[in-house]
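[1] Build me a model:
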Amino acid sequence: MVLEIWVSTVLFLLPIYVANASAMVFGGGTPLDLDSKWTDQRPILGKGKTFKGTFFGIFFGTMTGLLLWAMFPDQTAQMYPNFVLLGFVLSVGAVLGDLIKSFLKRRMGKQSGEEWFLGDQLDFMIGAIIVGWVFFAPSPVQIVAMLVISVIVHKIANVIAFKARLKSVPW
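    Sure, this is the predicted structure:
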């Protein structure tokens with residue numbers, strides 16, 4: 001039972017993490033908000049949220065779902081019969097969560113790249129859980145575990161990305 005919960009949690013997390021990381025790594029180019037301003041005269045999202053990053057985040061998250069389905073057909077079928085679709089939905093949710101967080105940060109007067117503790121670590125995970133809920137509802141224990149794991153993994157991954165010069169700030 002515990003092993004099943006652990007396996008389903010990891011399978012659920014992987015497309016989300018890949019989508020979030022891919023949006024950053026493969027991003028750049030034209031901003032989604034086309035450099036437009038909101039009614040408060042601040043950027044709608046900021047320069048860091050791009051068409052390219054959005055596309056590649058969703059694409060690679062979905063491909064992760066496909067790869068997991070191919071490698072672990074029995075385990076993924078127990079979660080949801082069409083795990084590739086679940087991977088896509090989770091990836092869209094992760095990217096949407098990040099975009100909503102960026103919108104809220106701009107409204108709060110925070111700049112792109114400025115740290116917002118917990119908002120920066122949990123945005124993509126909360127978005128994925130909410131959007132993915134239609135297809136797979138994690139247990140309360142899984143949700144708490146995913147949120148705690150996400151704070152830790154996100155911090156470590158960002159320090160690594162900063163040291164590898166993929167990010168300009170370590171958060």
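[2] Check which helices and strands the one helix or strand residue 158 maps to sits against.
    Here residue 158, judged by DSSP states H and E, is contained in helix 140-163. Packed against helix 140-163 by the contact rule (3 or more Cβ pairs under 8 Å, 6 or more residues apart in numbering; DSSP states H and E) you find helix 2-25, helix 119-132. Yep, even glycine has a C-beta here, placed from its N, CA and C like the rest.
[3] Return the set of buried residues in it.
    For helix 140-163, burial by neighbour count (16 or more other Cβ atoms under 10 Å) applies to 142, 145, 146, 150, 151, 154, 157, 158, 161.
[4] Let me see the mean pLDDT of stretch 75-86.
    Regarding stretch 75-86, the rounded mean pLDDT is 94.
[5] Residue 102 is nearest to which of the helices and strands packed on helix 140-163?
    The closest approach between residue 102 and any of the helices and strands packed on helix 140-163, judged by Cβ to Cβ, belongs to helix 119-132 at 8.2 Å.
[6] Now tell me what touches the helix holding residue 158 from outside.
    Contact with helix 140-163 is made by 5, 8-9, 12-13, 17, 21, 24-25, 118, 120-122, 124-126, 129, 138, 167-171, as judged by Cβ atoms under 8 Å, 6 or more residues apart in numbering.
[7] Can I have the buried ones of the residues you listed as a ChimeraX selection?
    A single ChimeraX command is used to select the members of these judged buried by 16+ other Cβ under 10 Å:
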select :8,9,12,13,17,21,24,25,120,121,122,124,125,126,129,138,167
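[8] Dump the helices and strands packed on helix 140-163 into JSON lines; add distance to residue 58 and mean pLDDT as well.
    Listed next are the helices and strands packed on helix 140-163 as JSON lines, based on distance: least, Cβ to Cβ, whole Å; pLDDT from 0 to 100:
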{"stretch": "helix 2-25", "distance to residue 58": "6", "mean pLDDT": "92"}
{"stretch": "helix 119-132", "distance to residue 58": "11", "mean pLDDT": "95"}
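[9] No further queries at this time; thank you.
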